[in-house]
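K.L.:
make a model of this:
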Amino acid sequence: MSFFPFLHFFNSIVYVYLAVYILIKNPKALLNRICVAFLLCFSLWSFSFVVLHHPFCTKHLAKLVVNISSIGWCSFSSFFLWFILAFTGKKKILKQKWFYVLLFGIPLVLIYQQWNGFIFVDYIKEYYGWKGLYGQSIWPYLFFSHYLSFMIAGLYLNFDFMRKAPNAVLKKQASIIFFTMVVVLILGTVTDVILTLANIHIIPNIADTFMLIWSFAVVYAIARYKFLIITPATAADNILSTMYDSLILSNMEGEIITVNKAAAELLGYKPDELEGKPLDILFKNEALTNGLFKRIVNQVDLKNKDLIFKTRQGKEVPILLSASILRDNTGNIAGIVCVAKDISERKKLEEEIFKGKKLESIGILAGGIAHDFNNLFAIIVGNLTMAREEISPGEKSHKLLLKAEQTSLKAADLARKFITFSPGGWLRKEKVRLDQVLKDARDSEFLKVNKNVICDIDIPNDLMSIDGDHAQLTQVMKNLFLNAAAAIEAMPDPQRGKISVRAENVSREDVKNGENTTILLKKGKYVKMIIRDNGIGISPGDIEKIFDPYFTTRDKTNQKGMGLGLTLCYTIIKKHNGHIAVESEPGKGTMFSLYLPAFIG
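P.N.:
Numbering: from 1, shown residues only. As a prediction, this is how the structure comes out:
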């Protein structure tokens with residue numbers, strides 16, 4: 001009896017032992033579990049050679065054993081690629097369902113074809129035992145292509161990660177995996193594939209033995225570089241790299257030592273670009289920051305201080321900053337640790353709530369005054385009308401009275417608009433079709449859009465109706481159309497103007513915040529509208545104020561655009577329990593997004 005059965009039995013035991021050892025080290029880690037599955041594939045494969053090389057093994061038993069072991073030799077390359085993707089942190093791919101279909105679908109097909117006798121088609125008796133012969137069909141070559149492509153893809157990803165590894169330990173771990181697996185892949189392919197295809201059978205299949213090289217390398221990596229083991233240091237590194245808050249470490253001179261991934265992304269830098277830079281370049285108010293820094297140096301902790309980050313692109317990001325002294329194991333001061341929380345969304349929500357309360361306060365005052373003025377205007381208009389009817393139409397006083405009556409009617413209409421601001425206001429909710437609202441707004445005699453402006457409206461047939469006030473929603477559309485038309489007219493070439501309207505059904509869960517959007521909606525179904533123009537746009541300094549009463553970017557001396565249109569839009573939408581948001585870029589146009597509750601009948 002040859003020593004080969006004992007060699008393969010030893011291989012199988014080593015793989016099982018190593019699999020159990022790795023699983024015990026960190027049983028919950030995905031990487032460890034994949035590595036265990038990978039090693040068990042080789043354990044099953046090695047154990048099959050114990051039977052194949054046994055002197056009492058028959059040809060029929062050899063065929064059965066090879067079929068069973070195909071679970072291992074058809075699957076190991078898939079598990080290796082999966083292992084490398086997990087090791088290199090390719091989370092996006094690992095979340096894709098199609099990836100797992102590809103990863104395990106191909107091995108399952110190959111295992112099925114082996115059981116049908118299409119990969120190893122015959123077996124010959126050699127001095128060391130039975131050896132399988134590849135068939136002449138396409139299936140053996142598909143198997144070669146599968147295992148080589150998956151192994152090479154895994155090695156490429158590992159090599160790329162090895163070059164870009166964020167620290168020396170990961171670089172060492174990646175290099176051990178890469179170089180040992182390259183040796184194993186080359187030797188195993190020569191002995192088990194190339195020589196067999198060349199009808200050279202003097203050397204048995206020993207690819208599973210070469211795999212011991214990689215296994216012992218993994219043991220070395222575990223012992224030397226804590227591979228596949230949770231340590232306080234690796235746990236801390238994982239926490240820092242995955243935490244959502246920004247973390248910045250600096251020395252006592254205020255020079256940045258390192259930042260975590262969240263801080264680098266928020267500030268618009270690569271992590272290594274900030275190393276050695278002064279801490280104050282990250283903040284808007286350097287004088288304030290320097291004062292706070294001196295307090296920290298004097299060992300006064302800083303907790304939840306409102307500050308503003310200044311990104312690489314010049315954007316300002318509001319943050320809550322906490323900072324304290326960092327000490328080493330001996331208790332000596334080693335540096336300063338800063339943790340910053342991005343509160344941009346919170347600030348936007350606060351501004352949105354404040355804006356609503358401000359308009360509500362104005363509305364209470366304006367509504368009360370408007371009701372009184374409305375009653376007075378009714379008397380004035382009535383008396384002017386009766387006085388005018390007493391005078392012949394041709395007389396000058398008749399024209400003056402008519403002009404006074406028309407002006408009074410406009411003033412009365414303005415008073416009615418102020419009533420809209422008051423709590424409750426005039427709101428008669430009903431089932432409203434958006435297409436009819438848009439038609440009424442476009443056909444309005446008050447809407448005088450440049451005839452060369454293209455108005456593109458696309459409303460889907462399955463769009464839900466709105467639970468709202470038809471007249472007030474029509475007023476909103478009029479104001480938004482007029483605003484878009486005015487923005488286009490202000491362009492150097494208004495002849496190429498375009499206003500587009502899109503609508504869709506959404507639920508609260510589907511709503512995503514844009515750069516200038518903060519959504520305050522109750523759960524439920526909504527109709528979302530987007531009104532977009534390619535006009536002059538709105539500057540970043542003005543965009544936060546466009547819903548304020550009497551704010552306008554137009555010339556007030558021309559008696560157009562007195563600044564109530566968008567304020568009315570905001571108030572009406574809010575009274576409908578909806579939301580309106582704006583995004584704009586100077587010179588490129590403006591986009592208004594409206595969310596209105598759907599009618600549930």
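K.L.:
what about the helices in the stretch 101-250 of the chain?
P.N.:
138-164, 168-189, 195-197, 207-225, 232-242 (DSSP state H, counting those that start in this stretch).
K.L.:
how about those in JSON lines, adding mean neighbour count and distance to residue 317?
P.N.:
Any C-beta I mention is one placed from the backbone N, CA and C, and that applies to glycine too. Compiled in JSON lines, these are given as follows (neighbours: other C-beta atoms under 10 Å; distance: least, C-beta to C-beta, whole Å):
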{"stretch": "helix 138-164", "mean neighbour count": "17", "distance to residue 317": "27"}
{"stretch": "helix 168-189", "mean neighbour count": "18", "distance to residue 317": "30"}
{"stretch": "helix 195-197", "mean neighbour count": "16", "distance to residue 317": "62"}
{"stretch": "helix 207-225", "mean neighbour count": "18", "distance to residue 317": "37"}
{"stretch": "helix 232-242", "mean neighbour count": "12", "distance to residue 317": "20"}
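K.L.:
make a markdown table out of those helices and add distance to residue 537.
P.N.:
As requested, these are arranged in a markdown table below (distance: least, C-beta to C-beta, whole Å):
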| stretch | distance to residue 537 |
| --- | --- |
| helix 138-164 | 40 |
| helix 168-189 | 46 |
| helix 195-197 | 67 |
| helix 207-225 | 55 |
| helix 232-242 | 38 |
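K.L.:
just the terminal-to-terminal distance for stretch 457-470.
P.N.:
Counting by C-alpha to C-alpha, to the nearest Å, you get 18 Å between the two ends of stretch 457-470.
K.L.:
how about stretch 530-544?
P.N.:
Start to finish, the residues bounding stretch 530-544 are 19 Å apart (C-alpha to C-alpha).
K.L.:
mind listing what's buried along it?
P.N.:
Applying a neighbour-count criterion of 16 or more other C-beta atoms under 10 Å, one finds 531-538, 543 buried in stretch 530-544.
K.L.:
for residue 303, which non-adjacent residue is spatially closest?
P.N.:
Nearest residue to residue 303, sequence neighbours excluded (C-beta to C-beta, 6 or more residues apart in numbering): residue 322, at 5.2 Å.
K.L.:
that neighbour in helix, strand or coil?
P.N.:
When states are read from DSSP: H, G, I helix; E, B strand; the rest coil, the local structure at residue 322 comes out as strand.
K.L.:
state the number of residues packed around it.
P.N.:
If you count neighbours by other C-beta atoms under 10 Å, residue 322 ends up with 16.
K.L.:
that one contacts residue 339, doesn't it?
P.N.:
Yes. Applying C-beta atoms under 8 Å as the test, residue 322 and residue 339 come out as touching, 5.0 Å apart.
K.L.:
quick one: low-confidence parts of the stretch 401-550 of the chain?
P.N.:
In the predicted model of the stretch 401-550 of the chain, residues 413-427, 443-452, 511-520, 550 satisfy pLDDT under 70.
K.L.:
where along it do the strands fall?
P.N.:
Residue ranges of the strands in the stretch 401-550 of the chain, as given by DSSP state E, counting those that start in this stretch, are 430-432, 454-458, 466-468, 498-507, 525-533.
K.L.:
give me the buried positions along the longest one.
P.N.:
Right, the one you point to is strand 498-507. For strand 498-507, the neighbour count (16+ other C-beta under 10 Å) marks 498-504, 506 as buried.
K.L.:
mind putting the strands of the stretch 401-550 of the chain in a markdown table, distance to residue 280 included?
P.N.:
Written out in a markdown table, the entries for the strands of the stretch 401-550 of the chain read as follows (distance: least, C-beta to C-beta, whole Å):
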| stretch | distance to residue 280 |
| --- | --- |
| strand 430-432 | 55 |
| strand 454-458 | 49 |
| strand 466-468 | 51 |
| strand 498-507 | 44 |
| strand 525-533 | 41 |
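K.L.:
residue 28 is nearest to which of the helices of the stretch 101-250 of the chain?
P.N.:
Minimum separation from residue 28 across those (C-beta to C-beta) falls at helix 232-242, 12.4 Å.
K.L.:
how much space separates residue 299 from residue 322?
P.N.:
Using C-beta to C-beta, to the nearest Å, one obtains 15 Å as the distance from residue 299 to residue 322.
K.L.:
can I get stretch 108-116 in PDB? Just the C-alpha atoms.
P.N.:
Provided in PDB are the C-alpha atoms of stretch 108-116 (Å, rounded to 0.1, in the frame of the first residue of the first chain):
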ATOM      1  CA  LEU A 108     -24.400  23.200  -9.200                       C
ATOM      2  CA  VAL A 109     -24.600  22.700 -13.000                       C
ATOM      3  CA  LEU A 110     -21.100  21.300 -13.100                       C
ATOM      4  CA  ILE A 111     -21.900  18.900 -10.200                       C
ATOM      5  CA  TYR A 112     -25.000  17.700 -12.000                       C
ATOM      6  CA  GLN A 113     -23.000  17.100 -15.200                       C
ATOM      7  CA  GLN A 114     -20.300  15.200 -13.300                       C
ATOM      8  CA  TRP A 115     -23.000  12.900 -11.900                       C
ATOM      9  CA  ASN A 116     -24.200  12.400 -15.500                       C
END
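K.L.:
what's the next secondary structure element after the helix or strand hosting residue 68?
P.N.:
According to DSSP states H and E, residue 68 maps onto helix 59-73. On the C-terminal side of helix 59-73, the nearest following helix or strand under DSSP H and E is helix 76-87.
K.L.:
summarise which helices and strands that next one is packed against.
P.N.:
Helix 76-87 makes packing contacts with helix 30-52, helix 91-94, helix 97-115, helix 138-164, helix 168-189 when contacts are defined by 3 or more C-beta pairs under 8 Å, 6 or more residues apart in numbering; DSSP states H and E.
K.L.:
between these, which one is closest to residue 380.
P.N.:
Between these, helix 91-94 lies closest to residue 380; by C-beta to C-beta that is 68.7 Å.
K.L.:
so which elements touch the closest one?
P.N.:
Of the remaining helices and strands, those touching helix 91-94 by 3+ C-beta pairs under 8 Å, 6+ apart are helix 76-87.
K.L.:
show the contacting residues for the spatially closest residue to residue 594 that is not a sequence neighbour.
P.N.:
The shortest distance from residue 594 to any residue other than its chain neighbours is 4.3 Å, reached at residue 529 (C-beta to C-beta, 6+ apart). Contacts of residue 529 were listed using C-beta atoms under 8 Å, 6 or more residues apart in numbering, and they are 434, 501-503, 592-594, 596.
K.L.:
let's see that with 7 Å instead.
P.N.:
Contact analysis of residue 529 by C-beta atoms under 7 Å, 6 or more residues apart in numbering lists 501, 503, 594.
K.L.:
report the beta-bridge partners for the last one.
P.N.:
The one in question is residue 594. With DSSP bridges applied, the residues forming beta bridges to residue 594 are residue 529, residue 580.
K.L.:
what about it, distance to residue 64?
P.N.:
Where residue 64 is concerned, residue 594 sits at a distance of 69 Å (C-beta to C-beta).
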